[in-house]
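one predicted model, sequence on top.
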Amino acid sequence: MFKYKDFLENKDSYRLNKVFWKNSICSHLKKVFNKEFIFEYSKSTIQNNNSIKIENFVTDKYNNGKLFYDGNPIISGKFNKINKAFRIIQEDPNEFDIFYSKFENESIHEINELVIILTLTKENHKLALNDLEEWFKELKD
């Protein structure tokens, strides 16, 4: 039922979980907007003139570069062009069971942010991708 259930206890699972989110967000947005998406901090070199860069928004690392490993955020990004950002906070399924919530927030940088808090199930993953699609609909232009 839950994907990466042990992500808070297992650093390998945590890192795989982050890659899962990054790949699924880029893939979903590509399908919807017919453009290539790439995270700014990605090591990928697959970038062309049609690529849209997802810039880093909320840090998930200490100053020494080590991950927080707390799921807040599991992933985040922003598009300055449309003044919008997102943050996905993934909670421990042992504490929250099946959980999904979202809200809009205006950050101190005057960027409108969609915050999604969830436990990672197949259904919640799909909900999150659909909510991101709706949130970034201006990218279709």
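Arrived safely.

can you pull out the strands in this protein?
36-39, 51-54, 75-79, 84-90, 100-106, 112-118 (DSSP state E).

what pairs with the fourth one, parallel or antiparallel?
Going back to what we said before, that points to strand 84-90. Taking DSSP bridges as the criterion, strand 84-90 pairs within the sheet with strand 75-79 (antiparallel), strand 112-118 (parallel).

stretch 97-112 - what's its average pLDDT?
For stretch 97-112, the mean pLDDT works out to 89.

and what of stretch 15-29?
Rounded mean pLDDT across stretch 15-29 is 97.

what are the contacting residues of that stretch?
3-4, 7, 35-39, 42, 52, 54, 67, 74-75, 77, 88, 90, 120, 125, 129, 132-133, 136, 139 (CB atoms under 8 Å, 6 or more residues apart in numbering). C-betas here are computed from N, CA, C, even on glycine.

if we use 7 Å, what do you get?
Contacts to stretch 15-29, defined as CB atoms under 7 Å, 6 or more residues apart in numbering, come from residues Y4, F7, F37, I38, F39, I74, I75, I88, H125, L129, L132, E133.

how many residues are close by the fifth one?
Think F39. When counting by other CB atoms under 10 Å, one arrives at 19 neighbours for F39.

ditto for the second one
The number of residues packed around F7, counting by other CB under 10 Å, is 25.

quick check, it in contact with S13.
Yes: counting by CB atoms under 7 Å, F7 touches S13, with 4.7 Å between them.

please enumerate the helices of this structure.
11-33, 93-96, 122-135 (DSSP state H).

between those, which one is closest to E106.
Closest to E106 of the helices of the chain is helix 122-135 (CB to CB; 13.7 Å).

the closest one packs against which elements?
On a contact count with 3 or more CB pairs under 7 Å, 6 or more residues apart in numbering; DSSP states H and E, helix 122-135 meets helix 11-33, strand 84-90, strand 100-106, strand 112-118.
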